[in-house]
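1. mind looking at a prediction? Sequence and model below.
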Amino acid sequence: MELITKKKLMLFSGRANVPLAQEIAESLGVPLGDVELSTFANGEIYCRYLESIRGADVFIVQSHCTPINQYIFEQLIMIDAAKRASAKRITAVCPFYGYARQDKKTEGREPITARLVADMLTAAGADRVVAVDLHTGQIQGFFNMPVDHLTALPVLSSYLLDTIEGQAVVVSPDAGRVKLAQRLANHLDADLAIIDKRRPRHNVAVASVIVGDVVGRPCILIDDMIDTAGTITSAAELLVARGASVVYVAATHGVLSGPAIDRLKNAPIKEVILTNTLPIEDGKQFPELKVLSIAPIIADALDAVFEDTSVSQIFQGDNL
């Protein structure tokens, strides 16, 4: 007896960022899968797939946003349910990967929580992970499975090319983002500058020195995420004080915790450009904020994973 098998792509979403998952589904041309997710009175999460996923290539989309621990665990439960329902391959799609900043020990007796999250995804039954702009690329090494590391650079650079006038300078807000800034500068045919940043304690950043020429030129501050916005606003104020004509801010992930919105609204920034890897509620919207969709890029990557073709070719190597 011979049996010719057919691959079937099925896309499901947790509750963290359903609009993004719906956009990805539309870009792929597939319906968003039917799954029941609910929370018991004591906080426990319940999951059940409402259609057969046996033998399917299942993609589970979940951004690790606030409340981050709940949504990470929800994705783990969805992965476990898919494994027990005989899915052929399970891909955890994490547009924003939680705990990515805790990727190493900086002091004694600290955890490496980014590795812990990787271990939990593995233990739950994921066969592959797709993430966007990890805080550090070394997180890929925490997995003993394929990791497709995507980048929002094509989305950000396309928008900036149509927006920025004059010979721009791409500015790295600290030494850790120089590689990212250099890649954006290459896309925009712009110059590069670097800010020396000191962090006296967690969520406090002080910018003090600029390496590069910014006088009279439009500057683009680029980062992977904006959390409390201390780094970005401090850098923007320093750039304006040193003669920058205008300051734009571009980042992939808009965490926007605590005082972030007030800081961004009151800073000398013409426009803050983010993607929708994380949901941005109406209460966090402000006139200078521009949110771009990352869905087409994620959809292209998922299609490549499903068809076993190159993901890095989509980004021409910028995602490494």
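-> Perfect, I can see it now.
2. how far does whatever helix or strand N186 lives in sit from the chain's center?
-> In the assignment (DSSP states H and E), N186 maps to helix 178-188. The chain centroid and the centroid of helix 178-188 are separated by 17 Å, computed with C-alpha atoms, centre = their mean, to the nearest Å.
3. give the other helices and strands that that helix contacts.
-> helix 153-163, strand 169-172, strand 191-201, strand 218-226 (3 or more C-beta pairs under 8 Å, 6 or more residues apart in numbering; DSSP states H and E). The C-beta positions use only the backbone N, C-alpha and C, and glycine is treated the same way.
4. hmm, who's touching the shortest one?
-> If I follow you right, that is strand 169-172. 178, 180-182, 184-185, 188, 190-195, 210, 212-214, 217-222, 235, 239, 244 (C-beta atoms under 8 Å, 6 or more residues apart in numbering).
5. 7 Å - rerun?
-> The contact list for strand 169-172 (C-beta atoms under 7 Å, 6 or more residues apart in numbering) reads 178, 181, 184-185, 188, 190-195, 212, 214, 217, 219-222, 235, 239.
6. got it, and the first one?
-> Residues external to helix 153-163 that are found in contact with it (C-beta under 7 Å, 6+ apart): 183-184, 187-188, 220, 250, 273, 275, 292, 294, 297, 315, 318.
7. quick one: average pLDDT of it?
-> Helix 153-163 carries an average pLDDT of 96.
8. tilt between that helix and helix 178-188?
-> Angle of helix 153-163 versus helix 178-188, following axes from the mean of the first three to the mean of the last three C-alpha atoms, to 10 degrees, is 50 degrees.
9. circling back: any chance of the contacts of helix 153-163 in a markdown table, plus pLDDT, distance to D34 and neighbour count?
-> Below are the contacts of helix 153-163 laid out as a markdown table (pLDDT from 0 to 100; distance: C-beta to C-beta, whole Å; neighbours: other C-beta atoms under 10 Å):
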| residue | pLDDT | distance to D34 | neighbour count |
| --- | --- | --- | --- |
| R183 | 95 | 39 | 19 |
| L184 | 96 | 39 | 24 |
| H187 | 94 | 39 | 17 |
| L188 | 96 | 43 | 18 |
| I220 | 98 | 42 | 26 |
| A250 | 98 | 36 | 28 |
| I273 | 98 | 34 | 23 |
| T275 | 98 | 27 | 28 |
| L292 | 98 | 29 | 16 |
| I294 | 98 | 24 | 26 |
| I297 | 97 | 25 | 22 |
| F315 | 86 | 32 | 20 |
| D318 | 74 | 35 | 18 |
